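Student: Sequence and predicted structure, then a few things I'm wondering about:
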Amino acid sequence: MRLFRPISLLILGLGAPVFASDHTPPPVQPATSFAAVEVHDKEQIAIAAEPYDTRQKESIFRIDYLSHGVMPIRLVVTNNSDKPISLRDARILFQTAAGDRIQAAEPEDIERLITMRERKSGHIPLPAPLPPIKTKPKFSSKDLETDFNTFEYAALVVEPHTTRAGFLFYDVSQLDHPLKGAKLHLHALRDAEGKDLFYFEIPFDKYLQSKSSQMD
C-alpha cells in the first residue's frame, strides 16, 4: 500500500479546532487534546485519531465523503522525545469490530467507489415504455485530487517536540456502524536508530463516548 504520496507537508500552528467551509485544514493541536488517543510514556509519543463523521466536520472537504461510505480520519502524531520518529514504512489500518483491517484509500480507490455508486443512483425511473432519465454525476475528480493535496497526512518524519497532522480516508461502505468497536492500528513506526516502536491501537469507542457525553 502506498501510504504517503509526493505532496507537500502540512505544517500548521497550534490552536483550537474549527470547522469551516473554506476548505482549509484545522489548526494542529497535540494528540493528547483528542479523546481517541494512545500515549506511550516511555517513548514520549502520543497518537490520536479523530473521525470526521458528521456533516459539519466534513464540510472542510470539497466532496461529501460520508454519503459515499468513505470515513475521513484525522491522524495526529505528537513526538515529545528528543529524537525524530519515522512513519516512512508505517502501516496505518482501520480495524473493524470484526477484526478485519482496511488500508487507507488512494484517490483512485475513492473515485472508483463514488463513480460506481453514482452510476447505480444516477437514473430516474419513468413509467414504461419511457426510458429512465440519466442524471448528471456530481463527482469531480479535480476536487478529489485537491482534497488529497490539501488534507492527506504526509509527514514521513515527526521531529522532536513536534506535532504533525493530516487525514487518511477509509472505505467503510460495507459497514453499518463503522466506528463502533473499531480501532486505528499503527505499526512499523521507527525511532531515530531505525528500530520498530511498540505498535499503537487507538479505539474509536473513546471518541464515541466523548461525543455521547457532549450531547448529554
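Tutor: Cool, got the structure. Residues are numbered from 1 along each chain as shown.
Student: Going by neighbour count, which residues of the helix or strand containing Glu111 are buried?
Tutor: Secondary structure assigned from DSSP states H and E places Glu111 in helix 107-121. Going by neighbour count (16 or more other Cβ atoms under 10 Å), the buried part of helix 107-121 is 107, 110-111, 113-114. Where you see a C-beta, it was placed from the backbone N, CA and C, and this is true even at glycine.
Student: Same check on stretch 185-205?
Tutor: Judged by neighbour count (16+ other Cβ under 10 Å), stretch 185-205 contains these buried residues: 185-186, 189-191, 197, 200, 202-205.
Student: and if you look at stretch 167-183?
Tutor: By neighbour count, with 16+ other Cβ under 10 Å as the criterion, the buried positions of stretch 167-183 are 167-172, 175, 178-179, 182-183.
Student: what does stretch 80-98 give?
Tutor: Buried residues in stretch 80-98 (16+ other Cβ under 10 Å): 80-81, 85-87, 90-96.
Student: on that earlier part again, the buried residues of stretch 185-205 into TSV, with extra columns for distance to Val39 and secondary structure?
Tutor: Compiled in TSV, those are given as follows (distance: Cβ to Cβ, whole Å; DSSP: H, G, I helix; E, B strand; the rest coil):
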residue	distance to Val39	secondary structure
His185	16	strand
Leu186	13	strand
Leu189	14	coil
Arg190	18	strand
Asp191	16	coil
Leu197	13	coil
Phe200	9	strand
Ile202	10	strand
Pro203	13	strand
Phe204	17	coil
Asp205	17	helix
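Student: Give me the subset of the buried residues of stretch 80-98 that lies in strands.
Tutor: Within these, residues falling in strands by DSSP state E are 85-86, 91-95.
Student: which among those gets closest to Val39?
Tutor: When those are ranked by distance to Val39 (Cβ to Cβ), Ile85 comes first, at 14.0 Å.
Student: how near is that closest one to Asn79?
Tutor: The spacing between Ile85 and Asn79, counted by Cβ to Cβ, to the nearest Å, is 5 Å.
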